[in-house]
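Colleague: Curious how this folds, go ahead:
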Amino acid sequence: MAMTMTVTKQSDWGKAYYYATQLAFDHGLDLPENIDEWSTKKLLNYIAKTEKAYGKLSAIG
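Modeller: Residues are numbered from 1 along each chain as shown. Here you go, the predicted model:
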C-alpha cells in the first residue's frame, strides 16, 4: 500500500520543510539556498507553486 503525505495551511514548519525538500528531490529541482530560514507561509507558497508546475509528490512505497 502506497503512502502519501498531505500538507495543509495548519501544517507545522517541520512538515512543510520536509515536504518541500522531498518535492524538489522528487522532481530533480535545486532547493533555494536559504530555504531552511523561510517561514511556514513561504514554504507553503513554494510547495503550491512547485506542485502547480511539476505535480504533487509521488506516493512512497
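
Colleague: Per-residue pLDDT of the closest residue to residue 43 other than its chain neighbours, please?
Modeller: Distance criterion C-beta to C-beta, 6 or more residues apart in numbering; nearest residue to residue 43, sequence neighbours excluded, is residue 16 at 4.0 Å. Just so you know, the C-beta spots here come from the backbone N, C-alpha and C atoms, and that holds for glycine as well. On the pLDDT scale, residue 16 is placed at 93.

Colleague: shouldn't residue 16 be in contact with residue 42?
Modeller: No: between residue 16 and residue 42 there is no contact under C-beta atoms under 8 Å: 9.1 Å.

Colleague: So between these two, which is more surrounded?
Modeller: For residue 16 versus residue 42, the count of surrounding residues by other C-beta atoms under 10 Å is larger for residue 16: 22 against 14.

Colleague: ok, now which ones touch the more buried one?
Modeller: Contacts for residue 16 (C-beta atoms under 8 Å, 6 or more residues apart in numbering) come out as 7, 40, 43-44, 47.

Colleague: Quick one: classify the residue nearest to the spatial centre of the chain as helix, strand or coil.
Modeller: For the chain, the residue nearest the mean C-alpha position is residue 20 (2.2 Å; C-alpha atoms, centre = their mean). Put simply, residue 20 is helix when judged by DSSP: H, G, I helix; E, B strand; the rest coil.

Colleague: Against residue 49, how distant is the residue nearest to residue 43?
Modeller: Counting by C-beta to C-beta, to the nearest Å, the separation of residue 16 from residue 49 is 13 Å.
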